[in-house]
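Peer 1: Mind folding the following:
(2 chains)
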Amino acid sequence: MLTDEQLMLEFQRGSKEAFTELFGRYREPIYGYFRRRLADAARAEELAQETFVAVLRAVARYEPRALFRTYLYGIALLQLAAERRRTAHRESSLEPAAADPPAPGNTEAEVGVRQALGKLAPEDREVLMLREYEQLSYAEIAALQRVPINTVRSRLFRARRALKELLASPRAASGG
Amino acid sequence: MPACRLEAGATSQVDSFEDNVMTSSTHPIEQEELMAYLDGELPVERAARVADHLEQCAECRARAAEFRALSERLTDWQLEPAPHSLTERVAGAASVVQLNPPATAAPLPPQPRPRIFGLPRWVWATAGAACLVLLIVVVSVPTYHRDRDLVFLAPGQSPAPGQMATAPEPAPTPPAAESVDRLIGKAAGAGGGGAESPVVTGPMIARTASLTLLTRDFEKTRAGLEDVVRRHRGYDAQLTVSSESGSARTLSASFRVPADQLDAAISEIKQLAHVQQESQGGEEVTEQYVDLTARLSNARRTEQTLLDLLANRTGKLSDVLEVEQELARVREEIEHMEAELKNLQNRVSFATLQVELHEEYKAELEMAPSLGRRLWNAVVAGFRTAADSMVGLALFLLNVGPLLLLWALILFWPARYVWRRVRAARARK
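Peer 2: Numbers count the residues shown, from 1 in each chain, chains lettered A, B, ... in the order given. Prediction:
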């Protein structure tokens, strides 16, 4: 199986199938990335599309300097940041998806998780989500956020601890 | 099993901190490290030690289970799959993307431009154009500004001793009255009859003639000219020779020949060279002459009267002085008039002949200029045309330039805006 970088190079050389394969690998993760961080599903789809289109546009210049994954999520992060700037003056709340009213498909557990996540500090939440949902490594997260790996680690620990307590608080604190 | 000293139910930050710190003597693993181990982010050796410890430490195993449970919880937040429209749109974008041709995945380094003798081609092109322009200018400018070297010869030929017909002086008439003024007045009144000069037999004409000649043999023609003039008892009043650098010389002379010899002289001169232009004229000076002679005789009579006054009447000294002053004035007048009269007579008796002699320009000397000459003329003309066209172009640019510049500036920003929009629209497709 070819790596992401090899697929990109194949695509650069003209293989449309390589891109199709690559897209297949990252369609759900990228869509999920936006879907979990934006309230508007349609907007999340548009941004996901924009992310892939940006990769398409830049294919001629692509050089496998870093992991493709980092490259791709870097583009996604920029798209998200731009979107947040655009909506900053329109919406006061930046909490991702946590403000959504429970949709019919949402289970109570899901709502609980989302609400708890919403209460985390933004950078902690972001690190946690990148770890748990996007499954990025500490190094990848550090590269994306431009922070040292130790910072990633401590933020992640803090986030997990806080989340555990948030999720545990409706119930009586159990003894340790 | 060593006890893991972990605080239970800690919620505050401080407690969490204490929760994390373990005394090295009892517990070698920190919670954060445990988390990293579970995430698979520990280096191999460290991970092995943590794994070993986990086998032995129930508390840490419990902690690990908590971490895992948390991750499990987070998966409650499930999303629907990406909509099919996303796939379609991205596929559509992928189908139109421009890919590099396989051979050149990376942008080629700029090809070294072909160089000639180490210098890029544009340098040679510019140098060649500059040389051509310089050549045109150098060849053409001299034909625009030709300095004429003037060579002055001494108007040297002393007038040939032509016999001058001189008019005899008019005889003074005897004086009349008593006081100076009355005398003068009377003398003036009595003047009028001027049958003095025996030369005035008919109308007096001061003749002039002008000839322009073209010759191939400059020196020979010139010598011939002077000879003719001399033989007809004339002389040259002024002679100038000018010579343009290189070839054609021009002689410009003013001859005086006796009036009755003028026609003969002219016809002889006309045989010397090719006549380009000829003209003759005469100015009638009879009236001037008559008038002059009358005034002269008046003045002479006045003079005589005054002289008689001085001789006969010896009055007061002041009177004598007055008379003498008047006498001096009258004499001066007489001299002027005599000179004018002489001049007039001279003009009548000697005609003025203006001659211009041109040497044939070398290019015209041979009726059929040589091929080389014609080629050279063509070259010169060609360069001049080129120079003229350059000047014309420069003038045109100067005329039109400011206007074009003005409109270019006015239209620049709108045009750039439109161009960018077009480009962006094209890029989006």
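Peer 1: residues near the nearest residue to residue B:216 once chain neighbours are set aside, how many?
Peer 2: With sequence-adjacent residues excluded and distances taken as Cβ to Cβ, 6 or more residues apart in numbering or on different chains, residue B:216 is closest to residue B:360, at 5.0 Å. Any C-beta I mention is one placed from the backbone N, CA and C, and that applies to glycine too. Neighbours of residue B:360 under the rule other Cβ atoms under 10 Å in any protein chain shown: 17.
Peer 1: I figured residue B:360 hits residue B:213, correct?
Peer 2: No - contact criterion Cβ atoms under 8 Å: residue B:360 and residue B:213 do not qualify, at 10.5 Å.
Peer 1: so what secondary structure elements neighbour the helix or strand harbouring residue B:65?
Peer 2: Following DSSP states H and E, one finds residue B:65 within helix B:58-74. Helices and strands touching helix B:58-74, by 3 or more Cβ pairs under 8 Å, 6 or more residues apart in numbering or on different chains; DSSP states H and E, are helix A:108-118, helix A:122-132, helix A:149-168, helix B:31-39, helix B:44-56.
Peer 1: hang on, the earlier thing: for the residue nearest to residue B:216, what are its contacts?
Peer 2: Counting by Cβ atoms under 8 Å, 6 or more residues apart in numbering or on different chains, residue B:360 touches B:214-216, B:248.
Peer 1: Could I get the phi/psi values of residue A:14?
Peer 2: Backbone torsions of residue A:14, given as degrees, to the nearest 10, read phi 120, psi 0.
Peer 1: which residue sits closest to residue 76, ignoring its sequence neighbours?
Peer 2: Answering for chain A, as no chain was given. The shortest distance from residue A:76 to any non-neighbouring residue, by Cβ to Cβ, 6+ apart, is to residue A:51 (4.8 Å).
Peer 1: think we crossed wires, I meant chain B
Peer 2: residue A:109 is the one closest to residue B:76 (Cβ to Cβ, 6+ apart), at 4.1 Å.
Peer 1: surely that neighbour meets residue B:75?
Peer 2: No - if you go by Cβ under 8 Å, residue A:109 and residue B:75 don't touch, sitting 9.8 Å apart.
Peer 1: any idea how the chain splits into domains?
Peer 2: Using chain A here. Domains of chain A are assigned by automatic domain parsing as A:1-99, A:106-176.
Peer 1: not quite, I wanted chain B
Peer 2: According to automatic domain parsing, the ranges for chain B are B:13-74, B:120-146+B:370-429, B:180-365.
Peer 1: Quick check: which of the ones you listed is buried the most?
Peer 2: domain B:180-365 (a mean of 17; mean count of other Cβ atoms under 10 Å in any protein chain shown).
Peer 1: what's near enough to touch the residue nearest to residue B:205 when sequence neighbours are not counted?
Peer 2: Closest residue to residue B:205 apart from its sequence neighbours, by Cβ to Cβ, 6+ apart: residue B:282 at 4.2 Å. By Cβ under 8 Å, 6+ apart, the contact list for residue B:282 reads B:205-208.
Peer 1: so of those, which ones are in strands?
Peer 2: B:205-208 (DSSP state E).
Peer 1: from these, which is closest to chain A?
Peer 2: residue B:208 (95.2 Å; Cβ to the nearest Cβ).
Peer 1: Tell me how far the helix or strand where residue B:419 lies lies from the chain's centre.
Peer 2: If you go by DSSP H and E, residue B:419 is part of helix B:371-428. For helix B:371-428, the separation from the chain centroid amounts to 20 Å (computed by Cα atoms, centre = their mean, to the nearest Å).
Peer 1: same thing with stretch B:302-309?
Peer 2: The answer for stretch B:302-309 is 71 Å, by Cα atoms, centre = their mean.
Peer 1: Please apply the same query to stretch A:158-173.
Peer 2: Distance, centroid of stretch A:158-173 to centroid of chain: 22 Å (Cα atoms, centre = their mean).
Peer 1: contacting residues around that stretch?
Peer 2: Counting by Cβ under 8 Å, 6+ apart, A:112-113, A:116-117, A:119-121, A:124-125, A:127-128, A:174, B:9, B:11, B:16, B:35, B:66-67, B:70, B:73-74 sit against stretch A:158-173.
Peer 1: Looks to me like residue B:279 is in a helix.
Peer 2: No - residue state for residue B:279 (DSSP: H, G, I helix; E, B strand; the rest coil) corresponds to strand; a helix is not indicated.
Peer 1: Can you check the pLDDT for it?
Peer 2: Residue B:279 is assigned 92 on the pLDDT scale.
Peer 1: could you pull out the helices for the stretch 151-300 of chain B?
Peer 2: Applying DSSP state H, counting those that start in this stretch to the stretch 151-300 of chain B gives helices spanning B:180-190, B:218-231, B:262-270, B:286-312.
Peer 1: do you know which of the ones you listed lies nearest chain A?
Peer 2: Of the helices of the stretch 151-300 of chain B, nearest to chain A by Cβ to the nearest Cβ is helix B:218-231, at 83.5 Å.
Peer 1: Can you check what angle separates that closest one from helix B:262-270?
Peer 2: 160 degrees (axes from the mean of the first three to the mean of the last three Cα atoms, to 10 degrees).
Peer 1: And helix B:218-231, what does it pack against?
Peer 2: If you count contacts as 3+ Cβ pairs under 8 Å, 6+ apart, helix B:218-231 packs onto strand B:235-243, strand B:249-258, helix B:262-270, strand B:350-359.
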